[in-house]
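Engineer: structural data only, the sequence is not supplied:
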């Protein structure tokens, strides 16, 4: 065999082995979702069994999946749009007109994200109660915007810094107003970066499980609440939970897979380069 | 290489200096509102927490109230579990970073090579990042690491070895494994991107000069990854400092305090005891800790990023 | 079939009577845990909806999330829920704060006298009932009859912990992954402490003396926890510090355990061949005792309460009445099988021959619940009510912290004495912070 082909074969084996190992827990979960509850806890674990859709039927009967999934989508996308909208001007200012304290401000913003959410639950809950925001989509959108804003600002900042200043300069010479400068030059130039920031923000919102559980009741409840109604009841629940989990992560997984090229392209452009 | 791009920017930056002051006046109205909103949204919960941290406030007992002075803080700071929790927090962040950056780099190099079905393999490898933390913790705990019903126990028994009691004997390590699994794809994705942005001409040139795969990795690829690694460390640190769901689902912080981190300790205070004052004080301490981390760790990295 | 029709008609009849009070349908938000009995309630609830014209908006969550969600809301008067599912721990505490509406006034046809007295006491504060019981449980001993027969042992009606240890030694065979002593080890006031609390009671211990001083370093605690750690290490399954109710149930149901002391409400599932591989090999006896039998079996009642902040009190009362009535028990018996009927709340359930036939464990369960006296849980007098918990707000935190320490001792990170010493100190701190003695 040609050494180059052989090298490629070895790489193929190693590459797939690594990918398989990383993916395995998810594969196992999906497999479990087609077992009965007793099979799911059987020792030795069953690899061959008669697949059943029983768990999916139970899950469908007990909860309105579409309602939860729709909320997840609206809230993730809404929060991401709002965060981007607020972050773009701020990042623009920081990237192009930095002051002495800009870097400190950025770091401070990022450090507020390190505060555990659970410490501020009661204050936020009181605030939400008084504004009637409990169990509303917009309430959760506001919280998620707040939650992701530091990351969004920071990522946009790094992307904007990569935009060649000469181009904006040239635009200014041609008489572009600041608004035009942002809309016509900056945004198109850093679009891949903005897109990947948005993707990251959507993923983070989708998987957030603390605020969504504590600030929603039913109307605005997203998929994390859906999961909480299947996890850890008394009794055997692993197969049903696997089924619920599979359909809860399926949309974001497919979305993530479809957009990963975009994510990579954007990251290449800014933060990582 | 990273240094080339930064160097190339310097003249660009200096040319804008002239235009800046003249520009600043006109952009201020455009920029100010968003900066103010941003600032308010950051400061309001923080201010409320600060306020509550000086109050006697237990949600379950409305009869107690009023100004507490520093009592919530002294109560917390004299609690021996606080220091354990801090050490656990740092330990967890550190090891997850080591694992994800280390393995992530190796995997990134691997997935940069050309092999059959690479794009599909890559999709599989990044999948854990999209899984909700609660779900992945449940899957790892009950289906993989469980010492009787779990798959790992089955494997080790098949090899004639005793099953490992993951959460009893190595609680924090087990949590670290789970968290690292979740964040590995993130590191992989960013580092892979960075490698791919490396000029192929540069690589080719190095190869012409007779660089083997190892010297290639250490002298060309690794230095190029500096900035990407900083990004990974920075973003992951932010999230890892407040890891919660994985601990809650698997060990409940135990046995003892072996896997209690700061976020979990605050949870115990805030939602098991409903001591809002104490939880707020702990929240403030967590922010201070975060800022210390920001100063010592992130700042040295951030130089890399922000410049 | 015929019987079922009559039941449905009659229940529709009295529901129609209560529903006259309101002119049009209202939507109630009900929060509940995802345990099987509540899932059945959710499935049957449309019958009530049809009869009254009201709608129910279900919020189903796992236990810990629900507790945290409901507590936050009720304590801040958020007003999100019209009906909440709470345990016997919350009912008196929340009743004391006037966060719940009293539910003594559901009408004579509700037959309060039929509710088992210990259950009613557990949900009352100052003689007022603050939640109605949906299902109640005590703890007792599950054991594998086949293994006992094989080893030639006969399980007594009232075993002692010493006897249990002796049997566990005989029935543990680690090469076959068969463990004699499967108990909870996962830290938490509702997990390992639910087992350890009653065990300490049986050894003659108590949480607090009459002056509210923690008693964790007294002899009974040391004896009990030493016993627990020793036997769990020698005869327990690996990974015990991560095992809660569910993990042990899975272990028992898959045939890995010879003995398991846990909730009576799990008996129905262990008897269900679809959920369990040992359905026909399991038998039951009382929870073990030692120096006393006071408080040796725990008490818990999942109940329905109505937050004081609701604006739909009448409709909410109509529902909780329906869901905890005799008629509802019969409805479940007919629709889902008698073995699934909500246990532990009403004497009439245990008098029913159909239930006795379907649930051979009925008598042991009934005795355990009747004997679980929350007001006299220990050998020595105590200032609190509750068996495996102490009905004060601080207990969730205390129980969990102590549970952590005992799990540490079980994992071998500290000795039992060290663990109890640390637990005692942290409990003293918490009690002092909370201003006890009050």
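Structural biologist: Yes, it's here. Keep in mind that this is a model prediction, so the values were computed, not measured. Numbers count the residues shown, from 1 in each chain, chains lettered A, B, ... in the order given.
Engineer: surely residue A:171 meets residue A:182?
Structural biologist: No: look at residue A:171 against residue A:182 with C-beta atoms under 8 Å: they stay out of range, at 10.1 Å. Backbone N, C-alpha and C define where each C-beta goes, glycine included.
Engineer: looking at these two, which one has more neighbours?
Structural biologist: Comparing residue A:171 with residue A:182 by neighbour count (other C-beta atoms under 10 Å in any protein chain shown), the higher total belongs to residue A:182, at 19 against 16.
Engineer: residues near residue 151, how many?
Structural biologist: In the absence of a named chain, this looks at chain A. Using other C-beta under 10 Å: residue A:151 sits among 22 other residues.
Engineer: actually it's chain B I care about, not the one you picked
Structural biologist: 18.
Engineer: can you check residue A:188 too?
Structural biologist: Residues lying near residue A:188 (other C-beta under 10 Å) number 9.
Engineer: regarding it, what is its secondary structure?
Structural biologist: Following DSSP: H, G, I helix; E, B strand; the rest coil, residue A:188 is assigned to helix.
Engineer: same thing with residue B:216?
Structural biologist: With three-state DSSP as the basis, residue B:216 sits in helix.
Engineer: so what's the residue of the stretch 151-300 of chain B found nearest chain C up against?
Structural biologist: Nearest residue of the stretch 151-300 of chain B to chain C, counting by C-beta to the nearest C-beta: residue B:256, 2.7 Å away. Applying C-beta atoms under 8 Å, 6 or more residues apart in numbering or on different chains to residue B:256 gives the contacts C:404-405, C:407-408, C:411, C:413-414, C:419.
Engineer: may I have the phi/psi pair for residue 151?
Structural biologist: With no chain named, the answer covers chain A. phi -70, psi -40 (degrees, to the nearest 10).
Engineer: before we move on, back to that, spatially nearest residue to the residue of the stretch 151-300 of chain B closest to chain C, not counting backbone neighbours?
Structural biologist: Excluding the flanking residues, the one nearest residue B:256 by C-beta to C-beta, 6 or more residues apart in numbering or on different chains is residue C:408, at 2.7 Å.
Engineer: so what pLDDT did the one you found get?
Structural biologist: For residue C:408, the model assigns a pLDDT of 90.
Engineer: can you report how many residues neighbour the residue lying closest to residue A:150 once chain neighbours are set aside?
Structural biologist: Spatial nearest neighbour of residue A:150, excluding adjacent residues (C-beta to C-beta, 6+ apart): residue A:109 at 4.2 Å. Other residues within reach of residue A:109, judged by other C-beta under 10 Å, total 19.
Engineer: you'd agree residue A:109 is up against residue A:154?
Structural biologist: Yes: judged on C-beta under 8 Å, residue A:109 makes contact with residue A:154 at a distance of 7.2 Å.
Engineer: pLDDT-wise, which helix or strand of the chain ranks last?
Structural biologist: Just going to use chain A. helix A:178-180 (a mean of 72; mean pLDDT, DSSP states H and E).
Engineer: mind checking the SS state of the residue of the stretch 151-300 of chain B closest to chain C?
Structural biologist: Per three-state DSSP, the local secondary structure of residue B:256 is coil.
Engineer: thought residue A:108 was touching residue B:287?
Structural biologist: No: here residue A:108 lies out of contact with residue B:287, judged by C-beta under 8 Å, at a distance of 9.9 Å.
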